[in-house]
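Participant: Compute the structure for the input listed below.
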Amino acid sequence: MNKKIENLVKKCSVFEPLDGRVLIHPLKLRTYESVQQEPDLDSEENKGKNPMEDELVMKRKVYDVNYNYQKAIVVQIGPNEQKLNIGDTIIYKVSNLIDFDVIKGISMLKGFEVIAIERTDDDKHKGATTGRVLHEPKPEYYEGEVEEEIESMEERVEWLKSNGYSVMEDTTSN
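Facilitator: Sure, this is the predicted structure:
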């Protein structure tokens, strides 16, 4: 941690968040550029034209737009928090952020609103995951007409199994 984060951790150490809340220091907002076409109202070609009836000369305008998900550093956790550690870099949704104006530069989140923890190889001692993702295979999408319809449940189960899906068998008897 750098000096700024260490000072924030020290200031926040007098507070103990309750009810699964976490104190964080949001990092610089990540943005992307969005390009839009707008009428150039200041150009000479558009002088005297009616915007509702005439075709106007357009100009290209670039806006910086904030991503919905941002990064932050955890500076204080509650007594029952087991997944987060002070100093962890987390991903959160901006709309879930709660202002904590007791200390400048600190905000609050509920623990369950943390989307992900950014782990490095050095974090393996903290119980970080290995990065392995278990998932079902993606189905291959068929473009065009369907050759045959699947009518019975047995046919559906066989089709799912043949395409790599795991199917839980019904063990209840009627």
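
Participant: Now do the helix or strand residue 160 falls within, average pLDDT.
Facilitator: Using DSSP states H and E, residue 160 sits in helix 153-162. On average, the pLDDT along helix 153-162 is 76.

Participant: now it: how far from the chain's centre is it?
Facilitator: 35 Å (CA atoms, centre = their mean, to the nearest Å).

Participant: try stretch 82-102
Facilitator: Distance of stretch 82-102 from the chain centroid (CA atoms, centre = their mean) equals 13 Å.

Participant: before we move on, what about stretch 38-51?
Facilitator: Averaging C-alpha positions (CA atoms, centre = their mean) puts stretch 38-51 40 Å from its chain's average.

Participant: Mind listing what's buried along it?
Facilitator: For stretch 38-51, the neighbour count (16 or more other CB atoms under 10 Å) marks residue 46 as buried. (Each C-beta comes from the backbone N, C-alpha and C, glycine too.)

Participant: what's next to that stretch, contact-wise?
Facilitator: Surrounding stretch 38-51, the residues in contact under the criterion CB atoms under 8 Å, 6 or more residues apart in numbering are 56, 57, 58, 59, 61.

Participant: make it 10 Å
Facilitator: Outside of stretch 38-51, the residues within contact range by CB atoms under 10 Å, 6 or more residues apart in numbering are 54, 55, 56, 57, 58, 59, 60, 61.

Participant: what sits against the most centrally placed residue in the chain?
Facilitator: Nearest to the centroid of the C-alpha atoms of the chain, with distances taken as CA atoms, centre = their mean, sits residue 69, at 4.2 Å. Contacts were defined as CB under 10 Å, 6+ apart; by that measure residue 69 touches 30, 91, 92, 93, 94, 95, 96, 115, 116.

Participant: List just the nearest of those residues to residue 9.
Facilitator: For the contacts of residue 69, the minimum distance to residue 9 (CB to CB) is 17.9 Å, reached by residue 92.

Participant: ok, which stretches of this structure are helices?
Facilitator: Under the criterion DSSP state H, the chain carries helices at the ranges 3-12, 153-162.
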